[in-house]
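> quick one: sequence and predicted model below, then my questions.
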Amino acid sequence: GDKVKQSPSALSLQEGTNSALRCNFSIAATTVQWFLQNPRGSLINLFYLVPGTKENGRLKSAFDSKESYSTLHIRDAQLEDSGTYFCAAEDSNNRIFFGDGTQLVVKP
Amino acid sequence: NAGVIQTPRHKVTGKGQEATLWCEPISGHSAVFWYRQTIVQGLEFLTYFRNQAPIDDSGMPKERFSAQMPNQSHSTLKIQSTQPQDSAVYLCASSTGGTGQLYFGEGSKLTVL
């Protein structure tokens, strides 16, 4: 989307390596969510963030509302991490805007 | 907790026919959202309800599309006189209130021939 820009659009990782995905916002985001869409098409909620950071296993996410960006760090990538990652930002009117996604392929 | 349930998972209609998609939110969630996903447009917001009341339908096409939430346990998205460009995966999500953390269903894939 034009309000939420994700980068990179696609990424290939070797199993066991680390990487970071990023979202930049052109809106004044109040909260951010990160999702993984698996091959079945299900959108799994990974993180829901107010400004700050959260960590869950090999995943860590940060949201900086002043600089209008969020990151998702993947540590020790596994094959099951493959899929499309979406970030979504909420504005002050409680509208949620999605980015276009990052397609991640983890190779053995 | 069964999660958000959407039916049907797949629907094929002929051009001009009507399609109705159903969503059952997670029990206790007061907000329900509808999104549409296509390869070209990505994830597009359609509409959302809070406590069964329509709050924001700014993403809904002005003609042929309507959404309702007659009770707290289900919402419907109806498309009249379907067109091939309506083909998409329609996703429903619920949250505990306002917006908050979204939980999505598996989607309903609509194909209009």
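Arrived safely. Numbers count the residues shown, from 1 in each chain, chains lettered A, B, ... in the order given.
> remind me which residues of chain A are low pLDDT?
A:1 (pLDDT under 70).
> okay, B:N1: pLDDT?
At B:N1, the predicted lDDT confidence score is 62.
> residues of chain A that sit close to chain B?
A:1, A:31, A:33, A:35, A:40-45, A:48, A:86, A:88, A:90, A:93-101 (Cβ under 8 Å from any Cβ of the partner chain). Just so you know, the C-beta spots here come from the backbone N, C-alpha and C atoms, and that holds for glycine as well.
> any of those residues buried? List them.
Neighbour counting by 16 or more other Cβ atoms under 10 Å in any protein chain shown classes A:1, A:31, A:33, A:35, A:41-43, A:45, A:48, A:86, A:88, A:90, A:94-101 among the residues of chain A next to chain B as buried.
> confirm that A:C87 sits in a strand.
Yes. Under DSSP: H, G, I helix; E, B strand; the rest coil, A:C87 falls within a strand.
> contacting residues for B:C92?
Applying Cβ atoms under 8 Å, 6 or more residues apart in numbering or on different chains to B:C92 gives the contacts B:4, B:6, B:21, B:23, B:25, B:32-35, B:75, B:77, B:104-105, B:107-108.
> the same query, at a cut-off of 6 Å, please.
For B:C92, the contact set (Cβ atoms under 6 Å, 6 or more residues apart in numbering or on different chains) comprises B:V4, B:Q6, B:C23, B:W34, B:G105.
> gap between A:A77 and A:F35?
Separation of A:A77 from A:F35 (Cβ to Cβ, to the nearest Å) stands at 17 Å.
> leaving aside the residues next to it on the chain, what's closest to A:Y69?
A:N24 (4.9 Å; Cβ to Cβ, 6 or more residues apart in numbering or on different chains).
> so the one you found makes contact with A:S70?
No. Counting by Cβ atoms under 6 Å, A:S70 is not a contact partner of A:N24; they are 8.4 Å apart.
> neighbours around B:T47, how many?
Neighbour count of B:T47, defined by other Cβ atoms under 10 Å in any protein chain shown: 22.
> strands of chain A, start to end?
Applying DSSP state E to chain A gives strands spanning A:4-7, A:10-14, A:19-25, A:31-37, A:43-49, A:52-56, A:59-64, A:69-74, A:83-90, A:96-98, A:102-107.
> for those strands, which one sits closest to B:L91?
Nearest to B:L91, of all the strands of chain A, is strand A:43-49, at 6.8 Å by Cβ to Cβ.
> if we can go back for a sec, more crowded one of A:N24 and A:S70?
Applying other Cβ under 10 Å to A:N24 and A:S70 shows that A:S70 carries more neighbours, namely 30 against 17.
> measure the more buried one to chain B for me?
15 Å (Cβ to the nearest Cβ, to the nearest Å).
> got it, and A:V105?
Counting by Cβ to the nearest Cβ - A:V105 and chain B are separated by 17 Å.
> who does that residue form a beta bridge with?
A:S12 (DSSP bridges).
> thinking it is in contact with A:E80, fair?
No. Counting by Cβ under 6 Å, A:E80 is not a contact partner of A:V105; they are 11.9 Å apart.
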